[in-house]
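1. No sequence on hand, only this structure:
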RNA sequence: GGCGGUAUAGCUCAGUUGGCUAGAGCAUGCGGUUCAUACCCGCAGUGUCGAUGGUUCAAAUCCGUCUACCGCUACCA
């Protein structure tokens, strides 16, 4: 009985280590808008979101709080659900990777892949982060440092399971070539092909023994299934996939029509995930969209920078639809978007309050004033109407085509254009002048009818983006029909029904006042955030003997030379007492050679020598860093090289 | 270093397969209007379409080189 076309859409599952900020929340709002739109045009939509709840980081956070990991993630998952609720999102299912059903199927998947030889056990030589007690592949290591804690990693061996990625490489390459829409946006596709597929895929390490908070490998319980197989398979376990026979739900909805994810995890979704599915013999998702990031004042949002915005705070100030509108209209398709309080206020006032809000308000007010709140029947058309009608209809078509390509911001700007056209129509037809002339009554009826109809169309079109505003508008004009079908032609508004009371949809915001209010709130939240900061970066306690193993000395830089074919590396010659040494250091982004020469810095002198870019390095300079910013450690007063540092 | 992307009005960006006086929104200035949330409508702009060569009857749009910024990737003991 249900023969609607199905549409399966997912967000990435959010990592349940802490409350997501507004940048993280953008994803679910975008996905929600797409899902609601597809529903509106008549598809049978299934919208999945959820949380990724395993891993060492969560284990550590829980330990620090003195509670079990399960208790910890229960708390965070609850917070996330609350936020998603506040954002007015309409997901059909919220999966948690700690759900028993998910765990069971992930174990089966692992076993199946092992049994068919795609997963094998081996010695893993990789990068190891001591304080975190965890392993990383070459590619996971960011800037020579642990991706979790940011400290240097070292090479070590561990027994582990591996997935034979290379076996499916050619098939994947072919698939990507034959399905140009598979990876979006386009430029990301090239990155994946050129950086990973063409050079050849390495086998992926898919288990850990260094921590226990995860899904155990059932036939080898010392191992825990590492994040990729666990997290990615949520997209199919949520529907009831099972290697021994899947559910009807799965058969109906899989493959996904689109996975909406952040651009940072594109690799896992466009390479590892499809390969896993190939290995399982399941169809691949149709499309993967790596959306851009939302930046705060052109800077990455992070706790340590103190520039984090949270959805709940923003909603308090600007309303859900105010924020949804901002996120959806301001974010470009492929480039990072930006958010500041000032720009939110500017967009809110001009687009929502002035253009849309005022249009509805003035139109409803005129119906009340001139026709006792009863929507009049159209009676006398003329040429002024043609363009409004044409714009309304072409907007409907345009929004559809934009949304089919996931271009939410373009779709919204198209709708805004219709609102502007409608405002202009009022000026062209001058209803207040028509009202003074009894002989123009039929014309006045027509004008107001057309306006209400145009507003009705707008309210339908914005419903995926601003659901509650859409409902409010529909309420004010008492629109009966809000279906997609009803806006395929102009004129489905019913004459003779009463409009409601004209109430402003969006109250204009006074920028100065609002900014003062926001600033006044900031101190309250800042200290609370700072408290959490230190514990995240704390290493295990060591004895004085551990410290004594390291030798630090002052060193005077006597020459600095950029290493060829490297962006960051300097070959430095330093003087430590009477000795001269060559040290390679990655600080070229922060210091020029001239700035370095003559400085007295602190050096670890008994570090095992290594070669970097073929150049030998006998030690390491100490430097402080926050994010991308870096500052060398020097002595407080002029000091010669060679002095002990302790 | 390798791969890729972007550089267009003060700001944020559109500009499909090269074609007439290069566009939109916001901000600015001027004018109009009063139904409406000091709102709306109109007009005015400014632009060496990053720089420089080339292909072409014709290039913001194609090709070469250069510069700046961004992303992915490697190097940062």
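-> Done, it's in. Given the structure is predicted, the values throughout are model-derived calculations rather than measurements.

2. gap between residue A:102 and residue A:21?
-> Distance check for residue A:102 against residue A:21: by CB to CB, to the nearest Å, it reads 26 Å. All C-beta spots, glycine's among them, are computed from the backbone N, C-alpha and C.

3. Would you mind telling me which of these two has the busier surroundings?
-> residue A:102 (22 against 19; other CB atoms under 10 Å).

4. Flag every buried residue along the regular element (helix or strand) spanning the more buried one.
-> Per DSSP states H and E: residue A:102 is located in helix A:100-115. For helix A:100-115, a neighbour-count test (16 or more other CB atoms under 10 Å) marks A:102, A:103, A:105, A:106, A:107, A:108, A:109, A:110, A:112, A:113, A:114 as buried.

5. what do you get for stretch A:241-254?
-> Across stretch A:241-254, burial judged by 16+ other CB under 10 Å covers A:241, A:243, A:246, A:250, A:253, A:254.

6. burial count for the residue of the stretch 151-300 of chain A found nearest RNA strand B?
-> Closest contact between the stretch 151-300 of chain A and RNA strand B, by CB to the nearest atom of the strand, is at residue A:194 (3.1 Å). Look at residue A:194: counted by other CB under 10 Å, it has 10 neighbours.

7. sorry, back to before: can you put the buried residues of stretch A:241-254 in CSV and add distance to RNA strand B, secondary structure and pLDDT?
-> Below are the buried residues of stretch A:241-254 laid out as CSV (distance: CB to the nearest atom of the strand, whole Å; DSSP: H, G, I helix; E, B strand; the rest coil; pLDDT from 0 to 100):
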residue, distance to RNA strand B, secondary structure, pLDDT
A:241, 28, coil, 96
A:243, 31, coil, 95
A:246, 33, coil, 92
A:250, 31, helix, 97
A:253, 31, helix, 97
A:254, 28, coil, 92
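
8. Can you name the two of these that sit furthest apart?
-> A:243 and A:253 (17.7 Å; CB to CB).

9. for the stretch 201-350 of chain A, which spans come out with low pLDDT?
-> Scanning the stretch 201-350 of chain A for pLDDT under 70 picks out the ranges A:298, A:300-306.

10. just the stretch 51-200 of chain A next, same as before
-> A:124-157.

11. which residues sit against the helix holding residue A:102?
-> Contacts with helix A:100-115, where a contact means CB atoms under 8 Å, 6 or more residues apart in numbering, come from A:95-97, A:119-120, A:161, A:163, A:206, A:215-219, A:225, A:229-230, A:233-234, A:237-238, A:241-244, A:276, A:279-280.

12. Quickly note the distance from the nearest residue in space to residue A:429 that is not next to it in sequence to residue A:391.
-> Leaving aside its chain neighbours, residue A:429 sits nearest to residue A:447 (4.5 Å; criterion: CB to CB, 6 or more residues apart in numbering). Going from residue A:447 to residue A:391 by CB to CB gives 15 Å.

13. Tell me which of these two has more neighbours.
-> A count of neighbours by other CB under 10 Å puts residue A:447 above the other of residue A:447 and residue A:391, at 30 against 21.

14. I'd guess the more buried one is in a strand, am I close?
-> No. If the criterion is DSSP: H, G, I helix; E, B strand; the rest coil, then residue A:447 is helix and not within a strand.

15. rewinding a little: chain center to the helix holding residue A:102, what's the gap?
-> Here the centre of helix A:100-115 is set off from its chain's centre by 28 Å, with CA atoms, centre = their mean, to the nearest Å.

16. ok, the residue nearest to residue A:429 touching residue A:434?
-> Yes. Counting by CB atoms under 8 Å, residue A:434 is a contact partner of residue A:447 at 6.7 Å.

17. got the residues of the stretch 351-500 of chain A near RNA strand B?
-> Within the stretch 351-500 of chain A, the residues that sit near RNA strand B (CB under 7 Å from any atom of the strand) are A:351, A:353-355, A:357-358, A:360-363, A:365-366, A:369, A:417, A:420, A:423-424, A:426-427, A:430-433.

18. Next step: the residues you listed restricted to helices.
-> A:358, A:360-363, A:365-366, A:369, A:417, A:420, A:423-424, A:426-427, A:431-433 (DSSP state H).

19. just the buried members of those residues?
-> Here, 16+ other CB under 10 Å leaves A:358, A:360, A:361, A:363, A:366, A:420, A:423, A:426, A:431 buried among these.

20. give the contact list for the first one.
-> Read that as residue A:358. The neighbours of residue A:358, taking CB under 8 Å, 6+ apart as the test, are A:423, A:504.

21. any idea of the pLDDT on it?
-> On pLDDT, residue A:358 comes in at 96.

22. thinking again about what came up before, let me know the closest of the buried residues of helix A:100-115 to residue A:374.
-> Once CB to CB is applied, the member of those that ends up nearest residue A:374 is residue A:102, at 55.8 Å.

23. Quick check: the gap between the closest one and RNA strand B.
-> Distance of residue A:102 to RNA strand B, computed by CB to the nearest atom of the strand, to the nearest Å: 27 Å.

24. Surely residue A:94 is in a strand?
-> Yes. Assessed by three-state DSSP, residue A:94 belongs to a strand.

25. Was I right to think it contacts residue A:49?
-> Yes. Taking contacts as CB under 8 Å, residue A:94 lies within contact range of residue A:49: 5.9 Å.

26. Give me the common contacts of those two.
-> With contacts taken as CB under 8 Å, 6+ apart, residue A:94 and residue A:49 have residue A:84 as neighbours in common.
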